[in-house]
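[1] no FASTA, just this:
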């Protein structure tokens, strides 16, 4: 199986070959190798294949709004889906999550285009990424793949910065501040610098986002993953309740592995059951992480035909299908 270092060596050798051409080629070796494996994956499955990945697991000062699932992603998906034929779609998903409403819009659009959707998670799809996975007919995970709680992240602006925190953490912080200040009014001076920049509607926004995330997951599971199950409605309700309950996890970043996810009742297939599929999926993933590490890309939305919508910190690159 091509591992992380093997894919890196392949990219480096190609880069050297492109540099030695007369004239030197300006094509990106990262793009060439990543698309090579995306195309091979499509040939293996005969299903439309889209990569959706952000650079959230590698260190760096990247604006959160670029990494998170947001409304701009709709443009990317519309770009890469245009012209695709067939009712089946595989999404290779790697994301820390983002906006529940943006995720809802993406699911509505994807379901208007495709009848059967599989979400393949080579590493991790957290928060709104887990929500997106729950809108699939089937999830494919490996032994080292993870989903997470569906507690949404809230982007907020204080007096001196723009930040993002899990909705439950914001609510817990306000509750802790209230308890401390009631117990000892002198603590108001300690808490004031922390919470004074929060807008008055933030608590309501947190509560609404939590409720929306839970309702969306339940409805999607009923409509798609459990549509043929006699007890689908009850399973959907239990799973959505569990994933949205902060008390079950204590941390927004808590990782849920494949066995625990199966134990919840989600329909999950093992990536390792098909060695060729596993090799190709992980090759796409490794090539993607190398792209993030070696270029300015922070988010990639790309199909198996080479059409790409790539976000960089200061610019957007749209690459059409090669002739």
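    Cool, the structure landed. Model, not experiment: these values are computed from the prediction. Numbering: from 1, shown residues only.

[2] what number of residues lie near residue 20?
    Residues lying near residue 20 (other C-beta atoms under 10 Å) number 9. In short, each C-beta sits where N, CA and C put it, glycine included.

[3] actually residue 110, not the one I wrote
    By other C-beta under 10 Å, neighbour count at residue 110 equals 18.

[4] Kindly report the same for residue 309.
    22.

[5] which SS state does it fall under?
    Three-state assignment for residue 309 (DSSP: H, G, I helix; E, B strand; the rest coil): strand.

[6] For it, give the beta-bridge partners.
    Taking DSSP bridges as the rule, residue 309 bridges to residue 301, residue 318.

[7] show me what contacts it?
    Shown in contact with residue 309 (C-beta atoms under 8 Å, 6 or more residues apart in numbering): 75-77, 79-80, 300-302, 316-318.

[8] if you set the cut-off to 10 Å instead, what comes out?
    52, 72-73, 75-80, 299-303, 316-319 (C-beta atoms under 10 Å, 6 or more residues apart in numbering).

[9] How about residue 184?
    Here residue 184 is in contact with residue 190 (criterion: C-beta under 10 Å, 6+ apart).

[10] same deal with residue 312?
    66, 295-299.

[11] The residue nearest to the spatial centre of the chain - nearest residue in space that isn't next to it in sequence?
    Nearest residue to the geometric centre of the chain (C-alpha atoms, centre = their mean): residue 95, 2.6 Å. The shortest distance from residue 95 to any non-neighbouring residue, by C-beta to C-beta, 6 or more residues apart in numbering, is to residue 129 (4.0 Å).

[12] The helix or strand hosting residue 89: what's the following helix or strand?
    Using DSSP states H and E, the element containing residue 89 is strand 88-94. From strand 88-94 onward toward the C-terminus, using DSSP H and E, the following helix or strand is helix 100-113.

[13] what about whichever helix or strand comes after that following helix, distance to the chain center?
    Note on helix 100-113: by DSSP H and E, the next helix or strand toward the C-terminus is strand 116-121. Offset of strand 116-121 from its chain centre (C-alpha atoms, centre = their mean, to the nearest Å): 12 Å.

[14] Return the angle between stretch directions for strand 116-121 and helix 100-113.
    140 degrees (axes from the mean of the first three to the mean of the last three C-alpha atoms, to 10 degrees).

[15] going forward can the numbers begin at 38, since that is how I track them
    All right, first residue 38 from here; so that's strand 153-158.

[16] Now strand 153-158: buried residues?
    Residues of strand 153-158 classed as buried by neighbour count (16 or more other C-beta atoms under 10 Å): 154-158.

[17] Of these, which is the nearest to residue 147?
    residue 154 (6.3 Å; C-beta to C-beta).

[18] wait, what's in contact with that closest one?
    Contacts of residue 154 (C-beta under 10 Å, 6+ apart): 84-85, 87, 124-128, 144, 147-148, 169-170, 172-176, 261-262.

[19] cutoff 6 Å now
    126, 173-174 (C-beta atoms under 6 Å, 6 or more residues apart in numbering).

[20] got it, and residue 113?
    By C-beta under 6 Å, 6+ apart, the neighbours of residue 113 are 338, 346.

[21] Could you do the one 5 residues further on as well?
    Contact partners of residue 118, counting by C-beta under 6 Å, 6+ apart, are residue 150.

[22] Repeat that for the one 3 residues further on.
    Under the criterion of C-beta under 6 Å, 6+ apart, the contact list for residue 121 reads residue 85.
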